[in-house]
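>>> Here is my input, please return the structure:
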Amino acid sequence: MVIGFRAVRIILAILSVSAVAAAHAGPRARDLGVPFDGSPGPLNAITDVAGVTVGHTTLIEDLADGRKVRTGVTAILPRGRDSVLTRAFAGSAILNGAGEMTGRTWVDESGYLDGPVILTNTHSVGTAHEATIAWRVRQGGPDESGYWWSAPVVAETWDGHLNDITGFHVKTGHVDAAIEGAAGGVVAEGNVGAGTGMICHELKCGIGTASRRVEIEGSEYTVGVLVQANYGTRPTLRIAGVPVGLLLQVDRLPDEVIASGDSGSIIIVVATDAPLLPHQLERVARRAGLGVARVGSYAGNGSGDVFIAFSTANLEAMSWKRTVRAEFLENGRLDGLFEATVQATEEAIVNSMVAARDMQGNAGTSAAALPHKALTDLMKRYGRGSTPR
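This is a model prediction of the structure:
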């Protein structure tokens with residue numbers, strides 16, 4: 001079999017995913033002694049919600065013409081492989097709308113999330129959207145004709161400071177690889193997948209995740225959050241209440257990059273196994289914005305802060321029967337889930353910064369990572385440090 005040069009590049013990029021993830025394995029925020037409220041699940045990740053899987057395709061390449069590729073794709077499957085045919089109740093919310101999440105109209109209208117949630121860069125939404133539909137069609141069904149009506153959820157943030165974003169380097173195969181590689185267990189964070197070229201609070205950032213366990217009248221539920229963080233200004237950065245952004249001695253981005261203030265974006269995916277109806281999940285999604293605020297965002301005019309929440313409960317109600325029954329928590333019992341969403345969002349964002357590493361980008365650009373020792377020292381200085389794990 002003869003493989004063309006472009007195909008070889010794609011294969012090498014896909015094969016590099018595990019190596020990149022391994023290279024970025026390291027301490028998380030709690031390991032550095034950063035204190036957070038609430039009780040995390042065993043992995044402190046969105047995959048603590050049973051059935052949820054996550055996959056990354058990471059593209060890091062220096063091209064012969066001097067351009068640099070620093071981008072990727074992240075896929076979240078609400079019910080793992082079963083997401084192909086089995087829906088989930090869902091709701092969405094917007095804090096500020098200078099961003100894109102396709103499929104939101106149908107989620108809000110129907111109350112269902114069909115298939116995976118795909119994250120990528122701003123200029124690759126179209127490719128990811130088409131690739132996700134094609135992937136679902138290839139899985140077969142939902143009827144004998146193999147016909148699919150599909151409005152997939154694809155969300156973006158802009159990685160054009162570090163990535164050659166107008167080079168359109170994300171291809172169909174990269175989306176397929178992220179979906180096919182989705183798995184439970186530990187989730188790679190930082191410079192991986194769709195977070196590869198992202199920056200937040202003028203520091204290298206990317207993918208982050210966290211979870212919380214919530215007890216409601218004798219029943220335990222899990223809330224998991226995954227963020228693609230790419231927002232914020234340095235002076236507003238707060239970690240565990242400490243004004244870290246004002247105190248860090250780390251090079252700031254060029255003035256032309258930060259002149260527009262908080263003009264980046266953040267996509268937040270919230271998963272839970274609590275039985276909730278779509279309008280309740282919209283309320284949960286809205287609370288993610290409070291977690292972003294805790295870390296110092298004010299959702300500036302140019303920021304795209306778009307959130308989606310789904311529940312893996314009510315499996316029997318996902319059938320195509322004429323009538324179905326669903327269970328749900330009474331509204332007065334949701335406060336613990338709201339609080340858990342805020343807490344997990346805050347920690348996921350900080351994890352995305354702690355996991356990231358310095359990056360040299362396109363056209364001589366760069367972004368410095370959050371220095372671990374400086375963060376630990378600031379926590380101690382302000383009496384906020386816990387015992388590092």
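
>>> Tell me what I308 is bridged to.
Per DSSP bridges, the residues bridged to I308 are S92, V269.

>>> Now do it: how many residues are near it, please.
I308: 27 surrounding residues under other CB atoms under 10 Å. The way it works is simple: take the backbone N, C-alpha and C, and place the C-beta from them, glycine included.

>>> what stretches of this protein score poorly on pLDDT?
For the chain, the stretches with pLDDT under 70 are 1-24, 142-147, 252-261, 386-389.

>>> Give me the sheet partners of the longest strand anywhere in it and which way each runs.
For the chain, the longest strand by residue count, based on DSSP state E, is strand 219-230. Sheet pairing of strand 219-230 (DSSP bridges) gives strand 207-216 (antiparallel), strand 265-272 (antiparallel).

>>> ranking those strands by burial, who's on top?
strand 265-272 (a mean of 29; mean count of other CB atoms under 10 Å).

>>> mind putting the strands paired with strand 219-230 in TSV, distance to T105 included?
Converted to TSV, those look like this (distance: least, CB to CB, whole Å):
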stretch	distance to T105
strand 207-216	26
strand 265-272	17
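
>>> Which of those strands sits closest to A131?
Closest of the strands paired with strand 219-230 to A131 is strand 265-272, at 17.8 Å (criterion: CB to CB).

>>> next helix or strand past the closest one?
Note on strand 265-272: by DSSP states H and E, the next helix or strand toward the C-terminus is helix 278-294.

>>> Okay, helices next: where are they in the protein?
According to DSSP state H, the chain carries its helices in the segments 5-23, 104-110, 125-138, 172-180, 244-247, 255-258, 278-294, 335-355, 372-381.

>>> With distance to P235 and mean neighbour count added, can I get those in a markdown table?
A markdown table is the format used below for those (distance: least, CB to CB, whole Å; neighbours: other CB atoms under 10 Å):
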| stretch | distance to P235 | mean neighbour count |
| --- | --- | --- |
| helix 5-23 | 31 | 15 |
| helix 104-110 | 32 | 16 |
| helix 125-138 | 31 | 19 |
| helix 172-180 | 35 | 22 |
| helix 244-247 | 5 | 18 |
| helix 255-258 | 10 | 12 |
| helix 278-294 | 15 | 22 |
| helix 335-355 | 15 | 27 |
| helix 372-381 | 15 | 16 |
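
>>> Please identify which of these is closest to P116.
Ranking the helices of the chain by proximity to P116 (CB to CB) places helix 172-180 first, at 5.8 Å.

>>> Show me what the closest one is packed up against.
Under the contact definition 3 or more CB pairs under 8 Å, 6 or more residues apart in numbering; DSSP states H and E, helix 172-180 sits against helix 5-23, strand 53-62, strand 68-77, strand 117-121, helix 125-138.

>>> buried ones in the fourth one?
Residues of strand 117-121 classed as buried by neighbour count (16 or more other CB atoms under 10 Å): V117, I118, L119, T120, N121.

>>> what's the angle between it and helix 172-180?
Angle, strand 117-121 to helix 172-180, by axes from the mean of the first three to the mean of the last three CA atoms, to 10 degrees: 140 degrees.

>>> Any idea which of the helices of the chain gets closest to L77?
helix 172-180 (7.1 Å).

>>> Tell me the bridge partners for the most centrally placed residue in the chain.
By CA atoms, centre = their mean, the chain has its centre lying nearest to V227, at 3.0 Å. When bridges are called by DSSP bridges, V227 pairs up with G208, I268.

>>> so it sits right up against T345, yeah?
Yes: here V227 reaches T345: they are 6.8 Å apart, a contact under CB atoms under 8 Å.

>>> Please enumerate the shared neighbours of these two.
Here V227 and T345 share the contacting residues I268, scored by CB atoms under 8 Å, 6 or more residues apart in numbering.

>>> just to revisit the earlier point, contacts only, for the residue nearest to the centre of the chain.
With the criterion set at CB under 8 Å, 6+ apart, V227 makes contact with I207, G208, T209, I266, I267, I268, V269, T345, A348, I349, S352.

>>> Am I right that P35 is in contact with A240?
Yes: taking contacts as CB under 8 Å, P35 lies within contact range of A240: 5.4 Å.

>>> Overlap of the contact sets of the two?
Common neighbours of P35 and A240 (CB under 8 Å, 6+ apart) are M379, R384.

>>> So which of the two has more stuff around it?
Using other CB under 10 Å, the more surrounded residue of P35 and A240 is A240, with 23 against 14.

>>> now that one: how far from R294?
Separation of A240 from R294 (CB to CB, to the nearest Å): 9 Å.

>>> residues contacting P235?
P235 sits next to G245, L246 when contact means CB under 8 Å, 6+ apart.

>>> try A88
By CB under 8 Å, 6+ apart, the residues touching A88 are P78, R79, Y112, L113, F310, S311, T312, M318.

>>> make it 6 Å
Contact partners of A88, counting by CB atoms under 6 Å, 6 or more residues apart in numbering, are P78, L113, F310.

>>> Tell me the spacing between it and T74.
A88 is 18 Å from T74, where distance means CB to CB.

>>> Would you mind saying which of the helices of the chain lies nearest T365?
Counting by CB to CB, T365 lies closest to helix 255-258 out of the helices of the chain; the figure is 8.3 Å.

>>> How about L162: what's its closest non-neighbour residue?
Distance criterion CB to CB, 6 or more residues apart in numbering; nearest residue to L162, sequence neighbours excluded, is G361 at 3.0 Å.
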